[in-house]
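[1] Got a predicted structure here, sequence first:
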Number of protein chains: 2
Amino acid sequence: MTSPSTPRRKAPDAATASALKLFVVLARAQRAIGERMEASLGAHGLTHTEFAILEALYHKGPLLLGEVQRKILVSSGGITFLVDKLADRGLVERRLCESDRRARYAVLTRKGEALMSDIFPAHAEAIREAMSGLSRAEQKQATTLLKQLGLAAATAATAAAADGSRRTAAG
Amino acid sequence: MTSPSTPRRKAPDAATASALKLFVVLARAQRAIGERMEASLGAHGLTHTEFAILEALYHKGPLLLGEVQRKILVSSGGITFLVDKLADRGLVERRLCESDRRARYAVLTRKGEALMSDIFPAHAEAIREAMSGLSRAEQKQATTLLKQLGLAAATAATAAAADGSRRTAAG
DNA sequence: TCATATAATCTTAGTACTAAGATGACAACG
DNA sequence: CGTTGTCATCTTAGTACTAAGATTATATGA
């Protein structure tokens, strides 16, 4: 029994085909790597976003909630939610800001510091392994190309979003 | 008023630094491109996953729900949910399978076909533009590198997930 | 033929985050 | 100084999907 009719579509031109192919391959690569990271972090009960917060605090020290938010690219509600969760686990705590009574610092607790000291090296190693399909030279090449691609794509997207971001700035 | 203490962390070795850099740049590029796609599809009230279903049906013709699911990499509950939504909008309908009473085909309706005829060219154009930060040769180069990277990353992830996928196969 | 294992889809409960909005605080300007 | 505009964080409702499980049907092997 064959499935119902199978349509034929016009083949794209070479430029579009090239772009579509890159799009698909890029998404797949990102997905494969992302899944490895999620598995690795999941073993510690962390989502990648939670980990990103811990990582930012670990490397940069205490940051205002808004600073963290802009660094890891989540919404304002999101940063509240995530810091709440990390605080509930005793990994992060909020501190007052002396110069602005609205603001709060997120600070790693001792427990949070210890966890990061423990898992960051393993995380870095997992990333190193995830990228090991490429040689160092290939990695650098890919980095250069993707940086160029990402900046160009983000520039146009930023222009389109410029009005939108004014409205969503309040989170 | 400076923020509280700012810690110093040991610098990673060159191999790890290279991998970490590629990881960040890849994620950013994917995010930038993804945001452009979401904006483009959102204008038609479609999530990228919904679009992926429509696209698969548009190019391949009717497919069993499980075939669609495996093609776009969503869970079994997810395909039910998404096809329900597309069916509610009259873009897709379910058809019986003569040879297997459990199975269902997802089929584009006339309305769904018309929508795809309308928006697929624009979508392809949007992808072409999103990738226009790279020349055709650069795109090919990036495709080659990322394919290699993605396959290597997915191979190891598949091995690790082999046990897990046995348990999640029921979706 | 029959029992067991596997498969296709649906159902249900849950999760990680977003968008929209609220509240209180600060900045800017006349 | 007072008013208005802007900002930092929190609250609330909502969304897109996942994981786990249920039900029915098919495949496999003795």
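    Thanks, I have it.

[2] Can you give me the neighbour number for residue A:79?
    Residue A:79: 24 surrounding residues under other Cβ atoms under 10 Å in any protein chain shown. Just so you know, the C-beta spots here come from the backbone N, C-alpha and C atoms, and that holds for glycine as well.

[3] Now do the helices in chain A.
    With DSSP state H, the ranges of helices along chain A come out as A:14-42, A:48-60, A:65-72, A:76-88, A:110-130, A:136-168.

[4] Helix or strand with the lowest mean pLDDT in chain A?
    Taking mean pLDDT, DSSP states H and E as the measure, the helix or strand of chain A with the lowest value is helix A:136-168, at a mean of 75.

[5] what does chain A have sitting close to DNA strand D?
    For chain A, the contact set with DNA strand D under Cβ under 7 Å from any atom of the strand comprises A:64-67, A:69, A:76-77, A:79-81, A:83, A:94, A:97, A:100, A:102-104, A:169-171.

[6] What's the PyMOL line that selects buried ones from these?
    Entered in PyMOL, the line below selects the buried ones among those, by 16 or more other Cβ atoms under 10 Å in any protein chain shown:
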select buried, chain A and resi 64+65+67+69+79+83+97+104
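
[7] out of the residues of chain A next to DNA strand D, which touch chain B?
    Filtering the residues of chain A next to DNA strand D for neighbours of chain B using Cβ under 8 Å from any Cβ of the partner chain leaves A:64, A:97.

[8] The closest residue to residue A:54 other than its chain neighbours: what's it in contact with?
    Nearest non-adjacent residue to residue A:54, counting by Cβ to Cβ, 6 or more residues apart in numbering or on different chains: residue A:116, 5.6 Å away. Neighbour list for residue A:116: A:54-55, A:58, A:108 [criterion: Cβ atoms under 8 Å, 6 or more residues apart in numbering or on different chains].

[9] Tell me which two of these sit farthest apart.
    Using Cβ to Cβ, these span at most 10.2 Å, a distance reached by A:55 and A:108.

[10] And these two? Which one has more around it.
    Using other Cβ under 10 Å, the more surrounded residue of residue A:55 and residue A:108 is residue A:108, with 22 against 17.

[11] any idea how far the more buried one lies from residue A:16?
    Distance from residue A:108 to residue A:16, counting by Cβ to Cβ, to the nearest Å: 48 Å.

[12] One more: residue A:45?
    Here residue A:45 is placed at a distance of 43 Å from residue A:16 (Cβ to Cβ).

[13] How about residue A:113?
    Distance, residue A:113 to residue A:16, using Cβ to Cβ: 50 Å.

[14] Same question for residue A:65.
    Plainly put, residue A:65 is 43 Å away from residue A:16 if you go by Cβ to Cβ.

[15] What of residue A:106?
    45 Å.

[16] of the two, who's got more company?
    Shown here are residue A:106 and residue A:16; by other Cβ under 10 Å, residue A:106 has more neighbours (25 against 16).

[17] In this structure the more buried one contacts residue A:58, no?
    No: contact between residue A:106 and residue A:58 fails when scored by Cβ atoms under 8 Å: they sit 11.4 Å apart.

[18] Touching both of those two, which residues are there?
    The contact lists of residue A:106 and residue A:58 share no entry, where a contact means Cβ under 8 Å, 6+ apart.

[19] Which among the helices of chain A is found nearest to residue B:10?
    helix A:110-130 (9.4 Å).

[20] In that closest one, which residues are buried?
    For helix A:110-130, by 16+ other Cβ under 10 Å, it's A:112-113, A:115-116, A:119-120, A:123-124, A:126-128, A:130.

[21] Run the chain-centre distance for that helix.
    Centroid separation for helix A:110-130 versus its chain: 16 Å, with Cα atoms, centre = their mean, to the nearest Å.

[22] what does stretch A:118-137 give?
    16 Å.

[23] Please work out which residues outside it touch it.
    Applying Cβ under 8 Å, 6+ apart, the contact partners of stretch A:118-137 are A:33, A:36-37, A:40-41, A:44, A:51, A:55, A:58, A:139, A:142, B:12, B:14-16, B:18-20, B:22-23, B:145, B:148-153, B:156.

[24] go again using 7 Å as the cut-off
    Applying Cβ atoms under 7 Å, 6 or more residues apart in numbering or on different chains, the external contacts of stretch A:118-137 come out as A:33, A:36-37, A:40, A:44, A:58, A:139, A:142, B:12, B:15-16, B:18-20, B:22-23, B:145, B:148-149, B:151-153.

[25] Return the members of these classed as buried.
    Judged by 16+ other Cβ under 10 Å, buried ones among the contacts of stretch A:118-137: A:33, A:36-37, A:40, A:58, A:139, A:142, B:12, B:16, B:18-20, B:22-23, B:145, B:148-149, B:152-153.

[26] ok, back up a step: comparing the helices of chain A, which yields the minimum mean pLDDT?
    Across those, helix A:136-168 has the smallest mean pLDDT, namely a mean of 75.

[27] Report the contact partners of residue A:26.
    Here residue A:26 is in contact with B:30, B:146 (Cβ under 7 Å, 6+ apart).

[28] Swap in 6 Å and give it another go.
    By Cβ atoms under 6 Å, 6 or more residues apart in numbering or on different chains, residue A:26 lies in contact with residue B:146.

[29] Great, nothing more from me.
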